[in-house]
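S.K.: what would the 3D arrangement of this be:
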Amino acid sequence: MRAVLGLQRWLGTFEEQSRMFRDVVSTAEPDAPVPPCPGWTFAQLTVHVGRFLQLVTTQMRSGILEPVKPAPLTPVPNPLGFLDEQLSVTRDVLAGTPANRPVWTFSPAAPRLAWFWHRRVAHEMNLRRWDAQSALRAVTPTPRDLAVDGIDEALGTLLAAKQTPDSPLAVTGTTVVTCDDGGEGWWVRFTPGEVPEVRPLKPGSTVSADARVSGRAIGIYLALWRRTELAGEGDSALLSAIRLR
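M.R.: As a prediction, this is how the structure comes out:
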(Lines give C-alpha, C1' and ligand atoms only; values in the text may rest on other atoms or scores of the structure.)
Protein backbone atom coordinates (compact mmCIF):
# COMPACT_ATOMS: atom_id res chain seq x y z
CA MET A 1 0.00 0.00 0.00
CA ARG A 2 1.33 3.41 -0.85
CA ALA A 3 1.88 6.07 1.78
CA VAL A 4 0.14 9.40 1.28
CA LEU A 5 2.74 11.44 3.14
CA GLY A 6 6.47 10.92 3.65
CA LEU A 7 9.27 10.80 6.19
CA GLN A 8 9.72 14.51 6.84
CA ARG A 9 6.00 15.05 7.28
CA TRP A 10 5.80 12.18 9.76
CA LEU A 11 8.79 13.49 11.70
CA GLY A 12 7.24 16.96 11.80
CA THR A 13 3.93 15.48 12.92
CA PHE A 14 5.61 13.61 15.74
CA GLU A 15 7.25 16.81 16.98
CA GLU A 16 4.04 18.82 16.75
CA GLN A 17 1.68 16.23 18.21
CA SER A 18 4.00 15.12 21.00
CA ARG A 19 4.44 18.75 22.08
CA MET A 20 0.67 19.29 22.19
CA PHE A 21 0.12 15.98 23.97
CA ARG A 22 2.64 16.85 26.65
CA ASP A 23 1.12 20.30 27.12
CA VAL A 24 -2.25 18.74 27.85
CA VAL A 25 -1.14 15.93 30.16
CA SER A 26 1.14 18.26 32.10
CA THR A 27 -1.74 20.60 32.96
CA ALA A 28 -4.54 18.07 33.53
CA GLU A 29 -5.15 16.42 36.89
CA PRO A 30 -3.37 13.04 36.80
CA ASP A 31 -6.42 11.24 38.20
CA ALA A 32 -8.91 12.93 35.86
CA PRO A 33 -10.69 10.54 33.47
CA VAL A 34 -10.09 10.43 29.72
CA PRO A 35 -13.52 9.56 28.22
CA PRO A 36 -12.23 8.50 24.76
CA CYS A 37 -10.19 5.84 26.60
CA PRO A 38 -12.75 4.30 28.99
CA GLY A 39 -11.30 3.46 32.38
CA TRP A 40 -8.12 5.45 31.88
CA THR A 41 -6.91 8.51 33.75
CA PHE A 42 -4.51 11.11 32.38
CA ALA A 43 -1.70 9.43 34.33
CA GLN A 44 -2.51 6.07 32.73
CA LEU A 45 -2.73 7.61 29.26
CA THR A 46 0.65 9.27 29.79
CA VAL A 47 2.26 5.99 30.84
CA HIS A 48 0.64 4.14 27.95
CA VAL A 49 2.10 6.56 25.41
CA GLY A 50 5.51 6.35 27.06
CA ARG A 51 5.45 2.55 26.93
CA PHE A 52 4.32 2.57 23.31
CA LEU A 53 7.24 4.81 22.37
CA GLN A 54 9.64 2.67 24.39
CA LEU A 55 8.55 -0.47 22.56
CA VAL A 56 8.80 1.20 19.15
CA THR A 57 12.30 2.56 19.72
CA THR A 58 13.49 -0.76 21.15
CA GLN A 59 12.21 -2.50 18.02
CA MET A 60 13.76 0.05 15.67
CA ARG A 61 17.10 -0.12 17.45
CA SER A 62 17.19 -3.92 17.57
CA GLY A 63 18.08 -4.45 13.92
CA ILE A 64 16.18 -7.75 13.86
CA LEU A 65 13.18 -8.89 11.83
CA GLU A 66 11.42 -10.50 14.79
CA PRO A 67 9.37 -8.82 17.52
CA VAL A 68 11.37 -7.77 20.54
CA LYS A 69 10.29 -8.76 24.01
CA PRO A 70 8.49 -5.89 25.77
CA ALA A 71 10.03 -4.50 28.93
CA PRO A 72 8.40 -5.71 32.18
CA LEU A 73 5.45 -3.54 33.26
CA THR A 74 6.83 -1.97 36.39
CA PRO A 75 5.17 0.91 38.29
CA VAL A 76 5.87 4.39 36.92
CA PRO A 77 5.93 6.84 39.87
CA ASN A 78 6.52 9.87 37.63
CA PRO A 79 4.43 9.50 34.44
CA LEU A 80 5.41 12.88 33.03
CA GLY A 81 9.11 12.28 33.62
CA PHE A 82 8.81 8.86 31.97
CA LEU A 83 7.06 10.45 28.99
CA ASP A 84 9.77 13.09 28.64
CA GLU A 85 12.46 10.42 28.66
CA GLN A 86 10.72 8.37 25.97
CA LEU A 87 9.95 11.40 23.81
CA SER A 88 13.64 12.34 23.84
CA VAL A 89 14.73 8.83 22.89
CA THR A 90 12.08 8.58 20.20
CA ARG A 91 13.06 11.89 18.67
CA ASP A 92 16.64 10.67 18.26
CA VAL A 93 15.70 7.20 17.00
CA LEU A 94 13.17 8.40 14.43
CA ALA A 95 15.49 11.07 13.07
CA GLY A 96 18.47 8.72 12.98
CA THR A 97 16.80 5.73 11.33
CA PRO A 98 16.65 5.64 7.50
CA ALA A 99 13.13 5.05 6.19
CA ASN A 100 14.24 2.00 4.19
CA ARG A 101 16.07 0.20 7.00
CA PRO A 102 14.75 -3.39 7.41
CA VAL A 103 12.79 -3.81 10.65
CA TRP A 104 10.00 -6.00 12.01
CA THR A 105 6.45 -4.75 11.60
CA PHE A 106 3.30 -6.29 13.04
CA SER A 107 1.06 -6.10 9.98
CA PRO A 108 1.15 -8.69 7.19
CA ALA A 109 0.22 -5.91 4.76
CA ALA A 110 3.10 -3.64 5.76
CA PRO A 111 6.62 -3.68 4.32
CA ARG A 112 9.28 -4.59 6.86
CA LEU A 113 10.84 -1.16 6.62
CA ALA A 114 11.38 1.53 9.24
CA TRP A 115 9.05 4.05 7.59
CA PHE A 116 6.15 1.92 8.87
CA TRP A 117 7.14 2.98 12.40
CA HIS A 118 7.79 6.61 11.46
CA ARG A 119 4.22 6.71 10.20
CA ARG A 120 2.77 4.69 13.08
CA VAL A 121 4.33 6.96 15.72
CA ALA A 122 3.08 10.10 13.97
CA HIS A 123 -0.50 8.84 13.92
CA GLU A 124 -0.43 7.37 17.41
CA MET A 125 0.70 10.72 18.81
CA ASN A 126 -2.00 12.54 16.84
CA LEU A 127 -4.68 10.17 18.11
CA ARG A 128 -3.52 10.31 21.73
CA ARG A 129 -3.28 14.09 21.55
CA TRP A 130 -6.89 14.09 20.35
CA ASP A 131 -7.87 11.82 23.23
CA ALA A 132 -6.24 14.10 25.78
CA GLN A 133 -7.56 17.35 24.30
CA SER A 134 -11.09 16.04 23.84
CA ALA A 135 -11.19 15.11 27.51
CA LEU A 136 -10.71 18.80 28.25
CA ARG A 137 -13.05 19.88 25.42
CA ALA A 138 -10.38 21.89 23.62
CA VAL A 139 -9.44 19.96 20.47
CA THR A 140 -7.01 21.18 17.82
CA PRO A 141 -8.23 20.00 14.38
CA THR A 142 -6.19 17.31 12.67
CA PRO A 143 -4.77 18.60 9.34
CA ARG A 144 -6.68 17.12 6.41
CA ASP A 145 -3.64 15.59 4.70
CA LEU A 146 -2.71 13.85 7.95
CA ALA A 147 -6.26 12.50 8.28
CA VAL A 148 -6.13 11.12 4.72
CA ASP A 149 -2.79 9.45 5.45
CA GLY A 150 -4.29 8.07 8.64
CA ILE A 151 -7.18 6.52 6.75
CA ASP A 152 -4.73 4.99 4.30
CA GLU A 153 -2.67 3.56 7.17
CA ALA A 154 -5.74 2.21 8.94
CA LEU A 155 -7.15 0.48 5.89
CA GLY A 156 -3.96 -0.33 4.02
CA THR A 157 -1.80 -1.76 6.80
CA LEU A 158 -3.44 -1.83 10.23
CA LEU A 159 -6.66 -3.52 9.16
CA ALA A 160 -4.66 -6.57 8.11
CA ALA A 161 -3.37 -6.91 11.67
CA LYS A 162 -6.92 -7.69 12.85
CA GLN A 163 -6.78 -10.90 10.83
CA THR A 164 -5.07 -13.51 13.02
CA PRO A 165 -5.16 -17.33 13.06
CA ASP A 166 -6.76 -17.24 16.53
CA SER A 167 -9.32 -14.58 15.62
CA PRO A 168 -10.13 -14.62 11.89
CA LEU A 169 -12.43 -12.02 10.38
CA ALA A 170 -15.58 -13.97 9.51
CA VAL A 171 -17.09 -11.49 7.05
CA THR A 172 -17.42 -11.57 3.29
CA GLY A 173 -17.96 -8.69 0.93
CA THR A 174 -16.69 -5.29 -0.18
CA THR A 175 -16.70 -1.82 1.29
CA VAL A 176 -15.91 1.51 -0.35
CA VAL A 177 -14.63 4.41 1.76
CA THR A 178 -14.75 7.88 0.18
CA CYS A 179 -13.70 11.33 1.39
CA ASP A 180 -16.35 13.84 0.35
CA ASP A 181 -14.02 16.77 0.91
CA GLY A 182 -11.28 15.63 -1.46
CA GLY A 183 -12.34 12.62 -3.46
CA GLU A 184 -9.87 10.09 -2.08
CA GLY A 185 -11.25 6.58 -1.90
CA TRP A 186 -10.42 3.01 -0.92
CA TRP A 187 -11.97 -0.31 -1.93
CA VAL A 188 -11.78 -3.08 0.67
CA ARG A 189 -12.66 -6.74 0.10
CA PHE A 190 -13.05 -9.18 2.97
CA THR A 191 -12.67 -12.94 2.54
CA PRO A 192 -12.84 -15.19 5.63
CA GLY A 193 -9.41 -16.36 6.72
CA GLU A 194 -7.55 -13.99 4.40
CA VAL A 195 -5.89 -10.61 4.84
CA PRO A 196 -8.30 -7.92 3.56
CA GLU A 197 -7.54 -6.71 0.04
CA VAL A 198 -7.32 -2.91 -0.16
CA ARG A 199 -7.01 -0.79 -3.28
CA PRO A 200 -6.93 3.00 -3.64
CA LEU A 201 -9.60 4.50 -5.88
CA LYS A 202 -9.20 7.41 -8.24
CA PRO A 203 -11.41 10.44 -7.49
CA GLY A 204 -14.78 10.03 -9.15
CA SER A 205 -14.47 6.26 -9.52
CA THR A 206 -17.75 4.33 -9.49
CA VAL A 207 -17.54 0.80 -8.13
CA SER A 208 -20.13 -1.55 -6.65
CA ALA A 209 -19.87 -2.49 -2.98
CA ASP A 210 -21.83 -4.18 -0.21
CA ALA A 211 -21.23 -1.29 2.18
CA ARG A 212 -20.20 2.34 1.81
CA VAL A 213 -18.65 4.95 4.06
CA SER A 214 -18.42 8.61 3.13
CA GLY A 215 -17.71 11.89 4.87
CA ARG A 216 -14.99 14.39 5.64
CA ALA A 217 -11.53 12.88 5.98
CA ILE A 218 -11.15 13.80 9.65
CA GLY A 219 -14.52 12.26 10.48
CA ILE A 220 -13.66 8.98 8.76
CA TYR A 221 -10.21 8.93 10.37
CA LEU A 222 -11.63 9.23 13.88
CA ALA A 223 -14.48 6.84 13.16
CA LEU A 224 -12.10 4.11 11.98
CA TRP A 225 -10.42 4.37 15.39
CA ARG A 226 -13.85 4.25 17.07
CA ARG A 227 -13.55 7.76 18.44
CA THR A 228 -16.70 8.94 16.65
CA GLU A 229 -19.66 7.32 14.93
CA LEU A 230 -19.15 5.86 11.46
CA ALA A 231 -21.36 7.34 8.74
CA GLY A 232 -22.02 4.33 6.53
CA GLU A 233 -24.69 2.34 4.77
CA GLY A 234 -25.07 -1.28 3.74
CA ASP A 235 -23.87 -4.45 5.45
CA SER A 236 -23.40 -3.66 9.14
CA ALA A 237 -20.88 -6.49 9.63
CA LEU A 238 -18.64 -5.01 6.93
CA LEU A 239 -18.96 -1.54 8.42
CA SER A 240 -17.84 -2.91 11.76
CA ALA A 241 -15.00 -4.91 10.19
CA ILE A 242 -13.24 -1.87 8.73
CA ARG A 243 -12.98 -0.24 12.15
CA LEU A 244 -9.91 -0.82 14.30
CA ARG A 245 -9.96 -2.29 17.80
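
S.K.: just for the protein, where's the confidence low?
M.R.: 1-3, 164-168 (pLDDT under 70).

S.K.: can you pull out the strands in it?
M.R.: 173-179, 185-190, 197-201, 211-215, 232-234 (DSSP state E).

S.K.: so which of those strands comes closest to residue 96?
M.R.: Nearest to residue 96 among the strands of the chain is strand 197-201 (31.0 Å), distances taken as CB to CB. Quick note: C-beta positions are derived from backbone N, CA and C, even for glycine.

S.K.: number of nearby residues for residue 77?
M.R.: The number of residues packed near residue 77 is 7, by other CB atoms under 10 Å.

S.K.: go on, the one 4 residues further on?
M.R.: Burial of residue 81 is recorded as 12 neighbouring residues (other CB under 10 Å).

S.K.: follow-up on the earlier one: dump the strands of the chain to TSV, plus distance to residue 240 and mean neighbour count.
M.R.: Formatted as TSV, the strands of the chain follow (distance: least, CB to CB, whole Å; neighbours: other CB atoms under 10 Å):
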stretch	distance to residue 240	mean neighbour count
strand 173-179	10	22
strand 185-190	11	21
strand 197-201	17	16
strand 211-215	10	20
strand 232-234	9	16
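
S.K.: can I get these in a markdown table with distance to residue 104?
M.R.: Conversion of the strands of the chain to a markdown table gives the following (distance: least, CB to CB, whole Å):
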| stretch | distance to residue 104 |
| --- | --- |
| strand 173-179 | 28 |
| strand 185-190 | 25 |
| strand 197-201 | 21 |
| strand 211-215 | 31 |
| strand 232-234 | 33 |
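
S.K.: between these, which gets nearest to residue 28?
M.R.: The nearest among those, by CB to CB, is strand 211-215 at 29.7 Å.

S.K.: how far off strand 185-190 does the closest one point, in degrees?
M.R.: 150 degrees (axes from the mean of the first three to the mean of the last three CA atoms, to 10 degrees).

S.K.: identify the residues contacting strand 211-215?
M.R.: 173-180, 220, 223, 230-236, 238-239, 242 (CB atoms under 8 Å, 6 or more residues apart in numbering).

S.K.: and this protein, split by domain according to the record?
M.R.: Following automatic domain parsing, one gets these domains for the chain: 7-140, 145-241.

S.K.: who's the closest residue to residue 188 other than its chain neighbours bridged to?
M.R.: In this structure, residue 188 finds its nearest non-sequential neighbour in residue 175, 4.7 Å apart by CB to CB, 6 or more residues apart in numbering. In this entry, residue 175 is beta-bridged to residue 188, residue 211, by DSSP bridges.

S.K.: residue 175 touches residue 238, doesn't it?
M.R.: Yes: counting by CB atoms under 8 Å, residue 238 is a contact partner of residue 175 at 4.8 Å.

S.K.: any residues in contact with both of those two?
M.R.: In contact with both residue 175 and residue 238: 190, 210, 211, using CB under 8 Å, 6+ apart.

S.K.: all set, thanks.
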